[in-house]
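Asker: here's my sequence, what's the structure:
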Amino acid sequence: MPRMVFRLRLPHGSPPAQTLFLTGDHRGWSSDPEGWTFTAAGELAADLPMGALTGVKVRARHSDGTVTEEGDAWGGRAPAHKVVVSGETVIQLEVAGWQDARAGQGRPARSAPPREAITLAAPWGDQAVRLWWPAGHDTGPLPLLILHDGQNVFDEGPTFAGESWDAAGAAQTLADAGLPCRVAALPVGDDRSRRYVPSPFELNGFVSGADEYADWLKDFLLPQLLVRFGSVPASQVALAGSSFGGLITAYCGLRDPSTYGTLGVFSPAVWPADFAFLRWQQGHRAPQARVWLDMGDHEGSSLASAAETVALAQTLAETLRPQVQEVQFVVGGGHWHDEAAWRARLPGFLHWWLGGLTPVSP
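Answerer: Numbers count the residues shown, from 1 in each chain. Sure thing, here's the model as predicted:
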């Protein structure tokens, strides 16, 4: 196995720690420093399998046993460092800061926030809905995009690791080109696996709430939005999400074929319950639906497993073609399973969706 040498660069004024160590995907994000500690000079040598893909972070273990993870310069979470093992090499790890009580407060925004946030009743309790539209379109019908994981799609403040889709920026660019749309984003919390996965499996406690969620989208959310902003036909309503959000997008679109005209299925996580969705989808058609299906070529624990994931997505695309109006399959070169990748692919999806709509007569 190739020997990787990791070298630390710490921010000025870093607090002293008993032990600095490396964790990541390759260790299941363990907080046990044994075998992965940096020397006093800030260096760690480790043998990793050729072709491995792993995100890594630096953690500090203090004398009282507590552990602090690296973060951004404002005390918030930071994205993992991405490592591709292609041979012996030296990897510089730039640590911007450490997570602390500030939790990212004061971090300069890189993406625009929603224009409005409302709260609607849902079977699981209050559901936040984050809304955005281009200037000059406060009211009146526009093509509508509903996004899952709404905490991640606008500004970085509510996101898990300080990365967002920048949905407002991407949509504004299209609006400036004469293709405006309205965006409604739905944040989700700890019950994500229950709400987004249509099969019972370990992470949702073997109780799926996907049908409850799909019913609410179709029977409550969508009518509320159309009453407020103006009615648009189903052909101009898009549903999109990534990972489990991509899974629930495909499920809702095939389950309710007259509700959505376009499905944005980003990096769908179809593996729960021994790939149950792949068996389910073969019996469902949505003849009027256009489907964007994509996958990054670095989504996996190794280059080999990532290639298998891309091949599985390609097979899903081919299986869907006879069941829907159109499938657009895209592979993101160098893209991992993260917000940065989905942010990079969102403008292409928006252009394909909006540019392919048939104008509706007044």
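Asker: what's opposite residue 46 in the beta bridge?
Answerer: The residues paired with residue 46 through beta bridges, assigned by DSSP bridges, are residue 4.
Asker: let me see the contact set for it.
Answerer: Going by C-beta atoms under 8 Å, 6 or more residues apart in numbering, residue 46 touches 3-4, 6, 22, 36. In short, each C-beta sits where N, CA and C put it, glycine included.
Asker: got it, and residue 234?
Answerer: 258-261, 288 are the contacts of residue 234 under C-beta under 8 Å, 6+ apart.
Asker: so which strand or helix has the spatially closest residue to residue 284 that is not a sequence neighbour?
Answerer: With sequence-adjacent residues excluded and distances taken as C-beta to C-beta, 6 or more residues apart in numbering, residue 284 is closest to residue 254, at 4.0 Å. Here residue 254, judged by DSSP states H and E, is contained in helix 244-255.
Asker: what does that helix contact?
Answerer: With C-beta under 8 Å, 6+ apart as the contact definition, helix 244-255 has outside contacts at 147-149, 192-193, 195-198, 210-211, 213-214, 217-218, 239-241, 259-260, 263-270, 272, 277, 280-281, 284-286, 289, 291, 323.
Asker: next SSE after it?
Answerer: Toward the C-terminus, helix 244-255 is succeeded by strand 262-266 as the next helix or strand (DSSP H and E).
Asker: and that following strand, average pLDDT?
Answerer: Taken as a whole, strand 262-266 has a mean pLDDT of 98.
Asker: that one pairs with which strands?
Answerer: For strand 262-266, pairing defined by DSSP bridges yields strand 237-242 (parallel), strand 286-296 (parallel).
Asker: need the winner for burial among those.
Answerer: Comparing the strands paired with strand 262-266 by mean neighbour count (mean count of other C-beta atoms under 10 Å), strand 237-242 ranks first with a mean of 27.
Asker: give me the distance between the two termini of stretch 76-94.
Answerer: End-to-end distance of stretch 76-94: 15 Å, with C-alpha to C-alpha, to the nearest Å as the criterion.
Asker: try stretch 261-279
Answerer: In stretch 261-279, first residue to last residue: 23 Å (C-alpha to C-alpha).
Asker: also stretch 64-72?
Answerer: The straight-line separation of the ends of stretch 64-72 (C-alpha to C-alpha) is 24 Å.
Asker: nearest to residue 203 among the contacts of residue 234?
Answerer: Ranked by distance to residue 203 (C-beta to C-beta), those are led by residue 260 at 25.4 Å.
Asker: that closest one: how many residues sit nearby?
Answerer: If you count neighbours by other C-beta atoms under 10 Å, residue 260 ends up with 29.
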